[in-house]
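Just the structure for this:
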Amino acid sequence: MSEYCHLTRRDFIRDGSLGALALGVGSSASRASFGGAKSIVAIVRDEKVQGADNKVDPAALKKMLDEVVKSATGESSAAAGWKKLVQPDDVVGLVPTEHFNKTHPEVIEAVRAAIQEAGVAPDRIQNVQGKPAAAEKCTALISLPALKTHWLTGLGTVMKNYITFSGKASSFHGEKNAELGSIWSLPVIKGKTRMIIVDALRPLCAGGPQVDPKYVWNYNGLMAGADPVAVEATALKILMAKRNLVKGETWEITPPPLCVAAADKEYKLGTSDPAKIALKVLGWEKDLLISV
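Okay, the predicted model is just below:
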């Protein structure tokens, strides 16, 4: 696999009929609708969700989470959206990023609280990142990656978030990141992902193996969707736009994030085609980094 799925600024321009489309996560909450409907990727931002010291405001974050889940599921309320995603008899695994620009703990706890409000008992919700045995017992997974590039795999967001379940993370480094989509077919996680909610509060657009502060910025957002490839393609768009601004010219990601096109074309996990992605953006619009 050698194709680098590079998206241009025009790729995500929506036409005026978008709002009239019947959009949702389809008859199965574990995958996005294809064919007649586009894959929804929702982005919600609030410039005040983080203070000057980057402390997260839990109330603002909860409102963002409610809005992004409502938008991503196509439901009239966040409560209805969560009930579409999880049921009281589910065993729910949360899969946050735990290394190199971690998922904010406030995001993890907000999601946990929302799942409980949907009727899932606390003892049926656990963090299963890096715990294949625990993930195997789950009936539903909520992936909670942070928005970031990665010096070993190009992107470190959606596809890479399940790498610890493979037991052989190093085999996906360099251009072998194209094979990250294969992890999603492992029996312990296959078909269990109900939603991807990306922590885009303080993304990382370059650097490694340590987090370089000059490449971290306050985007103050959450991004969500049921189609992992559509969410990853959108993540790539935002990160590339920021990198180009930082560099003042096109600044390609290395190693090239071959995983995006491969997840679509080889592993059939979703769509990376901008024409099949419905981007729904709400809230703060400054430095959005994508066209809407």
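
Next, the buried residues of the helix or strand where V111 lies.
Secondary structure assignment for V111, by DSSP states H and E: helix 105-117. Within helix 105-117, the residues that qualify as buried are E106, V107, I108, A110, V111, R112, A114, I115, Q116, counting by 16 or more other Cβ atoms under 10 Å. Where C-beta positions appear, they are placed from N, C-alpha and C, glycine not excepted.

pretty sure K84 is touching S76, no?
No. K84 is beyond contact range of S76, at 10.9 Å (criterion: Cβ atoms under 8 Å).

The two: which has the busier surroundings?
K84 (19 against 9; other Cβ atoms under 10 Å).

Let's verify the more buried one: helix, strand, or coil?
Following DSSP: H, G, I helix; E, B strand; the rest coil, the label given to K84 is helix.

now I197
Taking three-state DSSP, the label given to I197 is strand.

was I right about it contacting D66?
No. I197 lies out of contact with D66 (Cβ under 8 Å); the separation is 11.7 Å.

So which of these two has more stuff around it?
Set I197 next to D66 and count neighbours by other Cβ under 10 Å: I197 wins out with 27 against 18.

helix or strand right after the lengthiest helix in the chain?
Scanning the chain for the helix with the most residues, using DSSP state H, yields helix 228-247. Per DSSP H and E, the first helix or strand lying C-terminal to helix 228-247 is helix 259-265.

picking that back up, dump the helix holding V111 to CSV, restricted to CA.
Extracted in CSV, the C-alpha atoms of helix 105-117 (Å, rounded to 0.1, in the frame of the first residue of the first chain):
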residue,chain,number,x,y,z
PRO,A,105,-9.1,12.8,32.1
GLU,A,106,-12.0,15.2,32.1
VAL,A,107,-13.1,13.9,28.7
ILE,A,108,-12.9,10.3,29.9
GLU,A,109,-15.0,11.1,33.0
ALA,A,110,-17.6,13.1,31.1
VAL,A,111,-18.1,10.2,28.7
ARG,A,112,-18.3,7.8,31.6
ALA,A,113,-20.9,9.9,33.3
ALA,A,114,-23.0,10.2,30.1
ILE,A,115,-23.0,6.4,29.6
GLN,A,116,-24.2,6.0,33.2
GLU,A,117,-27.0,8.5,32.5
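
Give me the neighbour count for A169.
By other Cβ under 10 Å, the burial measure for A169, its neighbour count, is 15.

residues touching it, list them.
I163 (Cβ atoms under 8 Å, 6 or more residues apart in numbering).

In which helix or strand does G93 reside?
strand 92-96.

which other residues reach that strand?
By Cβ under 8 Å, 6+ apart, strand 92-96 touches 86, 102-103, 107-108, 111-112, 115, 120, 124-129, 134-135, 138-146, 161-162, 192, 199.

Tell me the buried residues within those.
Buried among the contacts of strand 92-96 by 16+ other Cβ under 10 Å: 86, 103, 107-108, 111-112, 115, 120, 124-126, 128-129, 135, 138, 140-146, 161-162, 192, 199.

for stretch 89-101, which positions count as buried?
So, applying 16+ other Cβ under 10 Å, buried residues of stretch 89-101: D90, V91, V92, G93, L94, V95, P96, T97, F100, N101.

my read: the last one touches V216, true?
Yes. Counting by Cβ under 8 Å, N101 sits close enough to V216 to count as a contact (7.1 Å).

Fine by me, we can end here.
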